[in-house]
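Undergrad: Have a look at this prediction, sequence included:
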Amino acid sequence: MTDNDTSSGATPLSFYDEVGGHDTFVRLVDAFYRGVADDDVLRPMYPEEDLGPAKERLTMFLEQYWGGPTTYSEQRGHPRLRMRHSPFHVNPDARDRWLAHMRTAVDELNLPPLHETTLWDYLQRAAMAMVNTFEPSGIGPAADGRAVGALPVTAASPDEPR
Ligand code: HEM
């Protein structure tokens, strides 16, 4: 082995690096949130007025997942994505909308076909796994945990007619 033989110790490029690193993930998530911002079902689910922090969390998560910096876990701990989505009404309609905005965003990246397929397969599988209800939108807990459209449940007072 010569001094300039790096074959034994070289680290293979991560998918994160192969697709262009941080810039690529920022572009992906920016484009995705442009779609969310105009979506009547998804936009109200986001508790914060400003989508910036949510954008940053998704970027950090995806970067970490694909072998980039581990900032997500340093700041947020274990991803536990299903649990973190449990307060939100993720039905098949919400999933399909989420995926439609992601599809547009992935297309904008113009990745080589193999990378594009790898990323898209993952996003589809992850979105399927996030569905937590089959109730139509408008029923079930709102972003802040209140029941939407549910009748108030109060005990009838004894002198009230039944
Ligand atoms: C299927 C439809 C989905 C809907 C409707 C949905 C909706 C939401 C909402 C409303 C939030 C809260 C905003 C925030 O605090 O960041 C959130 C957070 C998040 N979502 Fe989703 N999501 C979906 C799928 C996914 C998928 C497939 C992934 C991963 C590939 C993902 C990754 C994340 C991450 C990383 C966060 C931030 C978690 C945290 O650290 O608090 N989501 N999502």
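TA: Looks like it arrived, so ask away. All values reported here derive from a predicted model rather than from experimental measurement. Numbers count the residues shown, from 1 in each chain.

Undergrad: how close does the residue most central in space within the chain get to the ligand?
TA: Centroid-nearest residue in the chain, with Cα atoms, centre = their mean: Leu58, separated by 5.7 Å. Distance of Leu58 to the ligand, given as Cβ to the nearest ligand atom, to the nearest Å: 5 Å. In this view, the C-beta of every residue, glycine as well, is placed from N, C-alpha and C.

Undergrad: Tell me which residues touch that residue, please.
TA: Val29, Phe32, Tyr33 (Cβ atoms under 8 Å, 6 or more residues apart in numbering).

Undergrad: Tell me where this protein has strands.
TA: Using DSSP state E, the strands of the chain run over residues 140-141, 147-148.

Undergrad: ok, and the closest non-adjacent residue to Gln64?
TA: Tyr72 (4.3 Å; Cβ to Cβ, 6 or more residues apart in numbering).

Undergrad: so what's the residue lying closest to Glu116 once chain neighbours are set aside up against?
TA: Nearest non-adjacent residue to Glu116, counting by Cβ to Cβ, 6+ apart: Val106, 6.3 Å away. Contact analysis of Val106 by Cβ under 8 Å, 6+ apart lists Leu28, Glu116, Leu119, Trp120, Leu123.

Undergrad: Of the residues you listed, which is the nearest to the ligand?
TA: Leu123 (6.0 Å; Cβ to the nearest ligand atom).
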